[in-house]
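J.: Sharing a model prediction with you, sequence too.
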Amino acid sequence: MKATYSDIQARVARRKTMDGIFAVVGLLSTFIGMITLTALIFDLATDGAGRLTWQFFTSFPSRFPNQAGILSAWVGTTLVMLVTALTAVPMGVAAGVYLEEYAPQNWLTALIEINIANLAGVPSIIYGLMALGLFVYQFHLGHSILTAGLTLALLILPIVIVATRESVRAVPGSMREAAYALGATKWQTTKDHVLPYSTGGILTGVIIALSRAIGETAPLITIGALTFIAFLPGSPIKTEFPFISFEWLTSPFTVMPIQMFNWVSRPQREFHFNAAAAGLVLMVMTLAMNGIAIYIRYRFRKRIKW
Amino acid sequence: MAKNPHAQADGNYSTVRELIAESAVTQLTTKRVRERVIEIFLFLAALSSIGITLGIVGILLYESKQFFEHVSIIDFLTDTQWTVLFADPHYGIMPLVTGTIVTSAVALIVALPLGTTIAIYLSEYANSRVREILKPMLELLSAVPTVVFGYFALLFVTPLLQRIFPDLPGFNMLSAGIVIGIMIIPYVSSLSEDAMKAVPVHIREGSYAMGATRLQTAVRVLIPSAFSGIASAYVLGFSRAVGETMIVAVAAGTQPNLTLNPMEGAATITAFIVQVSLGDLPHGTVAYQSIFAAGLTLMVMTLAFNIAGYFLRKRFREIY
């Protein structure tokens, strides 16, 4: 069959229509994500906003839904995050700097790189099982804040390493060469020039990693976090010598997402309102952290012009 | 000259210049030692990542080995009941595996078409300003704590679905799977988009020069060229779906159920691990070891899929 001119025209018109339709479908698909996010926040807000009182932040969990609060949960989250950040940031940045600036090209480096890529794909609950077997029962660290912090630190380590590598790689070679030309050693170059320039990227990665750690629930349930805690860990600051105490590290704990899980899995509707309120607090925390991360990335990208 | 304390202490008449040279040499040596120590420290930090892998594999194998001393592997793979905490325990992993596969399949049915469409849209259609706004917003989806998504699946999506399917039980794999699917969209879309972006412009231009529209170029040229990257995105999406825990633990129920029907409730491997961990299970019992055997199964599933993805990528890799 021979295609006439009008046939071809019709075909072109049809393809153009398809193209136009796809542009709309594509935009709508992107909106599905945003609609879900909006519906989610709206749902949490309608259910939970009524519970968000001062008393909710200053009360322990309770059998009575309208007396229950998230005091032990947010204190637990804060302390666990402290341990996680203090472990994951130095280790992750050090590993990232090594792989980008120091590592020779050999099989060991290749192995480390492949391994980090694979670790990022390991389900988080597997980290929990590892921590349960290793930290809790081999190292006898107990079902404690220390164990929880270390577990989450290992979980986010790949994210911190990858973020560090990317921002260190973005520093141009001429910076390093200028430092070497003035007689700086490798570490001096790294510490005084490369790292300061990559702080923005590293910070962004660290904040995003921590915001992921805040929401992690499964690995902490696995290592035996409690769901009902009506006391606070020992204060890290003491009135008598030596003024600081590390007792809190060994204390049992609960965290925000576990408290929320506990409430959502109860049958009573009143506890679901508490869960929604806790979820709202959690969402504000993670979204705020992500917002800060995006802002920092934007600021640093604008400020540095190579 | 004589005021130099070192010269006096040494008792010889070295010149200032020699002294400076000497101290420069010692300075250089301490510098070298310091550099070396720092390098070793950095190396150990990088090496620790391998330690994590060894720890994971070691613990899973060690505890599972003890588990399989009590339970035969054949029972584990063929028994159709998983009743670890009952008086008459059965250790058949199949119900948990089907639960995991069904929720992941629902999630992938949601996430792969949507994620790919979004990737094509962002990489080929959207201008850079729209992309700069849409991309971070989309990535917020993966930042939402999974337990919040669980709440959303149980108390928002399930009631919504029950209007369409009145028989749908309160705990079901359908709503859990749909919500997991929405959660993993950013993983699929952003990696796929990167892969499409990496296709050289001249290949695109060749297609446009032949009169193809953007859609034709995307479907017939870009997707085949970027297939290896898109496959990685799909594999990552699958890994996330299989390992997802809180959404299924909240919304799909904790009852092991050998079924392929997403309209029913069923426990997944991860939901089972959570359920056991919530109780205070004594260390060293078979039930305690069973969560490690379940975890090992999960690892093997993820690994098998990753290896399949690796060969798929190798087979379809395009080199420019």
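T.: Good, I have the coordinates.
J.: doesn't A:Ala148 make contact with A:Val255?
T.: Yes: using CB atoms under 8 Å, A:Val255 makes contact with A:Ala148 at a distance of 7.4 Å. Where you see a C-beta, it was placed from the backbone N, CA and C, and this is true even at glycine.
J.: Residues that sit against both of those two, list them.
T.: A:Val80, A:Leu220, A:Ala225 (CB atoms under 8 Å, 6 or more residues apart in numbering or on different chains).
J.: Any of these buried? List them.
T.: The neighbour count (16 or more other CB atoms under 10 Å in any protein chain shown) marks A:Val80, A:Leu220, A:Ala225 as buried among the shared contacts of A:Val255 and A:Ala148.
J.: Follow the chain on from the one helix or strand the first one maps to and name the next helix or strand.
T.: Translated: A:Val80. Counting by DSSP states H and E, the element that carries A:Val80 is helix A:71-97. Per DSSP H and E, helix A:71-97 leads on to helix A:107-119 as the next helix or strand towards the C-terminus.
J.: That following helix vs chain B: in contact?
T.: Yes: part of helix A:107-119 sits near chain B under the criterion CB under 8 Å from any CB of the partner chain, namely A:Leu111, A:Ile112, A:Asn115, A:Ile116, A:Asn118, A:Leu119.
J.: So which of the residues you listed is surrounded by the most neighbours?
T.: Highest neighbour count within those, by other CB atoms under 10 Å in any protein chain shown: A:Ile116, with 24 neighbours.
J.: and the residue in the stretch 201-306 of chain A that chain B sits nearest to, what does it touch?
T.: Residue of the stretch 201-306 of chain A nearest chain B, by CB to the nearest CB: A:Gly215 (2.7 Å). Listed by CB under 8 Å, 6+ apart, the contact set of A:Gly215 reads A:Pro257, A:Leu282, A:Thr286, B:Ala143, B:Val144, B:Pro145, B:Thr146, B:Val147, B:Val148.
J.: Can you redo those residues as CSV, where the extra columns are distance to B:Arg220?
T.: Listed next are the contacts of A:Gly215 as CSV, based on distance: CB to CB, whole Å:
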residue, distance to B:Arg220
A:Pro257, 45
A:Leu282, 44
A:Thr286, 40
B:Ala143, 35
B:Val144, 36
B:Pro145, 40
B:Thr146, 37
B:Val147, 42
B:Val148, 40
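J.: Just name the lowest-scoring one in the shared contacts of A:Val255 and A:Ala148, pLDDT-wise.
T.: Among these, A:Ala225 has the lowest pLDDT, at 77.
J.: dump the residue contacts of that residue.
T.: A:His143, A:Ala148, A:Pro252, A:Phe253, A:Thr254, A:Val255, A:Ile258.
J.: how about these in JSON lines, adding distance to chain B?
T.: JSON lines is the format used below for the contacts of A:Ala225 (distance: CB to the nearest CB, whole Å):
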{"residue": "A:His143", "distance to chain B": "10"}
{"residue": "A:Ala148", "distance to chain B": "13"}
{"residue": "A:Pro252", "distance to chain B": "12"}
{"residue": "A:Phe253", "distance to chain B": "15"}
{"residue": "A:Thr254", "distance to chain B": "12"}
{"residue": "A:Val255", "distance to chain B": "10"}
{"residue": "A:Ile258", "distance to chain B": "8"}
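J.: Mark which of the residues you listed are part of helices, please.
T.: A:Ala148, A:Ile258 (DSSP state H).
J.: pLDDT at A:Lys2, what is it?
T.: 66.
J.: Likewise for B:Ala7?
T.: Looking at B:Ala7, its pLDDT is 47.
J.: now chain A, which segments are flagged as low pLDDT?
T.: A:1-2, A:227, A:234-246, A:303-306 (pLDDT under 70).
J.: Contact partners for the most centrally placed residue in it?
T.: The centre of chain A sits closest to A:Arg212, judged by CA atoms, centre = their mean, with a distance of 2.1 Å. Counting by CB under 8 Å, 6+ apart, A:Arg212 touches A:Ile156, A:Ile159, B:Ala143.
J.: From A:Val122, how far out is it?
T.: According to CB to CB, to the nearest Å, A:Arg212 stands 14 Å off from A:Val122.
J.: For the nearest residue to B:Gly206 once chain neighbours are set aside, give me its contacts.
T.: Setting aside the residues directly before and after it, B:Gly206 is nearest to B:Val221 in space (CB to CB, 6 or more residues apart in numbering or on different chains), at 7.9 Å. The contact partners of B:Val221, taken as CB under 8 Å, 6+ apart, are B:Val199, B:Ile203, B:Arg204, B:Gly206, B:Ser207, B:Ala212.
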